[in-house]
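Student: make a model of this:
(chains A, B, C and D)
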There are 4 protein chains.
Amino acid sequence: MSQEIEALQSALRQFAAAREWEQFHSPKNLAAALSVEAAELLEHFQWLSEEQSRNLPPDKREQVAEELADVLLYLLQIADKLGIDPLDAARRKMQRNAMKYPVELARGSMRKYTEL
Amino acid sequence: MSQEIEALQSALRQFAAAREWEQFHSPKNLAAALSVEAAELLEHFQWLSEEQSRNLPPDKREQVAEELADVLLYLLQIADKLGIDPLDAARRKMQRNAMKYPVELARGSMRKYTEL
Amino acid sequence: MSQEIEALQSALRQFAAAREWEQFHSPKNLAAALSVEAAELLEHFQWLSEEQSRNLPPDKREQVAEELADVLLYLLQIADKLGIDPLDAARRKMQRNAMKYPVELARGSMRKYTEL
Amino acid sequence: MSQEIEALQSALRQFAAAREWEQFHSPKNLAAALSVEAAELLEHFQWLSEEQSRNLPPDKREQVAEELADVLLYLLQIADKLGIDPLDAARRKMQRNAMKYPVELARGSMRKYTEL
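Tutor: Sure thing, here's the model as predicted:
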């Protein structure tokens, strides 16, 4: 696994331990918290046009970066608790996606693989 | 930024380009997709006790790994589109969290920093 | 449909029209907004035990009522835009659920109907 | 409260009791389930343009109705458990929204009330 990610996970572990937060940090609660942060990310975009979302002003972009960070920090904590290597899981998922969405069938289509 | 993360982002860019999916991949749509995947992650835990969520059987753990991967893949694509370094944003957010949640005030408390 | 619900939908229509918000209120955007409000509802519960969530203090209960209201108001607007009767849809869904979860199979089980 | 809504809540209570599901139906778990259903609603719209979302084909519209129903059924169960009247809460929230978004300030603007 990436050293930088391991360093973040280690820092998160110490952060929670120092505050005695492990009691709250069940995978169930962390998954709820991750989805709350994902919604805060989405909130920044909900009334924007797609075009506007491609051209964020710098202050909005910085707020979005902070929400992405929140999502990532919870993701790393869940992965750490469950012994999952997130980059490895992502690479394996990309391979599955390549099978589910063959280029010839998926080109230019927004359909789910079950409907291709 | 981490080389492994850059490699994933590059692979995701090629995956979308080969399928002509950039037209659908506005940050707005990707943020919606990320939050849908976050809910699929949460769905695995919604009826479990916290204790059960700390002790997942292997097949459930593998399904959770796949949902974590989906969230991470969308997160990396949003970051890539907006020119955000996700690990750097995560490190900066941890520093802000350390200010918002001083150990003495936050110890053993589940309260939001605005209510400490 | 319920007169009270029609009255709410009519008031929501006037509220949006007076503010020239119809331009933002596509079903797509309203669905994103609903899911953001659902997350704000969940946020109140994310670090609570299940037991605590069954015994909310009055001020917390009032905050939860406000988030439920936000979810319901967006739900009524989406239904109105798409010509869906929400109570009728709910009754039909309950009938489908009764088929998917027969009492004998579902008793005491948290499993999804596909796994019963 | 609306008689139709009370009838739905009563039917939901019996449905859960017959399956011995009250043990899983803490407000916390129901709030997670509601947000999962809200995401399933959003999933139908995530790759559509706003224009497409305003003109759903009938089969898609029926699927959306079913997701709206799922959200509403969980909402009614949470309200029932916590002793909240959902229509009354919605009417009170509309009054607060009228104060937060005065017509003159909010006209044609997608800004949050804190930024008006």
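Student: I'd like to know how far the residue of chain A most remote from its centre sits from B:A18.
Tutor: Computed with Cα atoms, centre = their mean, the residue of chain A farthest from its C-alpha average is A:E104, at 28.5 Å. Applying Cβ to Cβ, to the nearest Å, one obtains 10 Å for the distance of A:E104 from B:A18. Using the backbone N, CA and C atoms, a C-beta is placed for each residue, glycine as well.
Student: can you check A:D80 too?
Tutor: A:D80 is 33 Å from B:A18, where distance means Cβ to Cβ.
Student: which of the two has more neighbours?
Tutor: A:D80 (20 against 13; other Cβ atoms under 10 Å in any protein chain shown).
Student: how about the more buried one, what does it touch?
Tutor: Residues in contact with A:D80, defined by Cβ atoms under 8 Å, 6 or more residues apart in numbering or on different chains, are A:Q9, A:L12, A:R13.
Student: wait, which of those is closest to A:K93?
Tutor: When the contacts of A:D80 are compared for distance to A:K93 (Cβ to Cβ), A:Q9 wins out at 19.6 Å.
Student: circling back: the contacts of A:D80 in helices, which ones?
Tutor: When helices are assigned by DSSP state H, the members of these inside them are A:Q9, A:L12, A:R13.
Student: wait, the second one touches B:K93, no?
Tutor: Yep, that's A:L12 we're talking about. No. With the criterion set as Cβ atoms under 8 Å, A:L12 and B:K93 do not qualify as a contacting pair; they are 10.8 Å apart.
Student: pull up the overlap in contacts between those two.
Tutor: When contacts are counted by Cβ under 8 Å, 6+ apart, A:L12 and B:K93 have A:L73 as shared neighbours.
Student: tell me the angle the longest helix belonging to chain A makes with helix B:58-82.
Tutor: The longest helix of chain A (DSSP H) is helix A:58-82. Note on geometry: by axes from the mean of the first three to the mean of the last three Cα atoms, to 10 degrees, helix A:58-82 and helix B:58-82 are set 160 degrees apart in direction.
Student: got the buried residues for helix A:58-82?
Tutor: Of the residues in helix A:58-82, those buried by neighbour count under the rule 16 or more other Cβ atoms under 10 Å in any protein chain shown are A:60, A:64-82.
Student: downstream of it, the next helix or strand is which one?
Tutor: helix A:86-100 (DSSP states H and E).
Student: now that following helix: average pLDDT?
Tutor: Within the predicted structure, the mean pLDDT of helix A:86-100 is 97.
Student: anything in it near chain D?
Tutor: No. Helix A:86-100 lies apart from chain D when judged by Cβ under 8 Å from any Cβ of the partner chain; the minimum separation is 15.1 Å.
Student: next SSE after that helix?
Tutor: Per DSSP H and E, helix A:86-100 leads on to helix A:103-106 as the next helix or strand towards the C-terminus.
Student: how's chain A carved up into domains?
Tutor: A:3-83, A:85-116 (automatic domain parsing).
Student: single out the most deeply packed of those.
Tutor: Most buried of the domains of chain A by mean neighbour count (mean count of other Cβ atoms under 10 Å in any protein chain shown) is domain A:3-83; its value is a mean of 19.
Student: pull the distance from stretch A:81-95 to the chain's centre.
Tutor: Stretch A:81-95 has its C-alpha centroid displaced from the chain centroid by 12 Å (Cα atoms, centre = their mean, to the nearest Å).
Student: could you do stretch A:32-39 as well?
Tutor: Chain-centre distance of stretch A:32-39: 10 Å, with Cα atoms, centre = their mean.
Student: give me the pLDDT value at the residue nearest to A:Q23 when sequence neighbours are not counted.
Tutor: Spatially, and ignoring its direct neighbours in sequence, A:Q23 is nearest to B:G108 (7.8 Å; Cβ to Cβ, 6 or more residues apart in numbering or on different chains). In this prediction, B:G108 carries a pLDDT score of 93.
Student: and for A:M1?
Tutor: Per-residue confidence for A:M1 comes out at a pLDDT of 62.
Student: what's the angle from the host helix or strand of A:E40 to helix C:27-43?
Tutor: Using DSSP H and E, A:E40 sits in helix A:27-43. Here the directions of helix A:27-43 and helix C:27-43 differ by 140 degrees (the same axes, to 10 degrees).
Student: who are the packing partners of helix A:27-43?
Tutor: Helices and strands touching helix A:27-43, as assessed by 3 or more Cβ pairs under 8 Å, 6 or more residues apart in numbering or on different chains; DSSP states H and E, comprise helix A:58-82, helix B:27-43, helix B:50-53, helix B:58-82, helix C:27-43, helix D:27-43.
Student: model confidence over the second one, on average?
Tutor: Same thing as helix B:27-43. Taken as a whole, helix B:27-43 has a mean pLDDT of 98.
Student: and the residue nearest to A:V64 when sequence neighbours are not counted, what does it touch?
Tutor: The spatial neighbour of A:V64 that comes closest, neighbours along the chain excluded (Cβ to Cβ, 6+ apart), is A:H44 at 5.5 Å. With contacts defined as Cβ under 8 Å, 6+ apart, the neighbours of A:H44 are A:K60, A:Q63, A:V64, A:E67, B:A31.
Student: nearest to C:Q52 among the residues you listed?
Tutor: Distances from the contacts of A:H44 to C:Q52 were compared by Cβ to Cβ; the smallest belongs to A:E67, at 26.9 Å.
Student: need phi/psi at the residue nearest to A:R54 when sequence neighbours are not counted.
Tutor: Closest residue to A:R54 apart from its sequence neighbours, by Cβ to Cβ, 6+ apart: B:S26 at 5.6 Å. Recorded main-chain torsions at B:S26 are phi -70, psi 150, according to degrees, to the nearest 10.
Student: doesn't A:N55 make contact with B:S26?
Tutor: No. B:S26 is beyond contact range of A:N55, at 10.1 Å (criterion: Cβ under 8 Å).
Student: still on that earlier bit, can I get the domains of chain A in TSV with distance to D:E115?
Tutor: Putting the domains of chain A into TSV (distance: least, Cβ to Cβ, whole Å) gives the following:
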stretch	distance to D:E115
domain A:3-83	11
domain A:85-116	33
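Student: who wins for proximity to B:S35 among those domains?
Tutor: Ranking the domains of chain A by their distance to B:S35 (criterion: Cβ to Cβ) puts domain A:3-83 first, at 4.1 Å.
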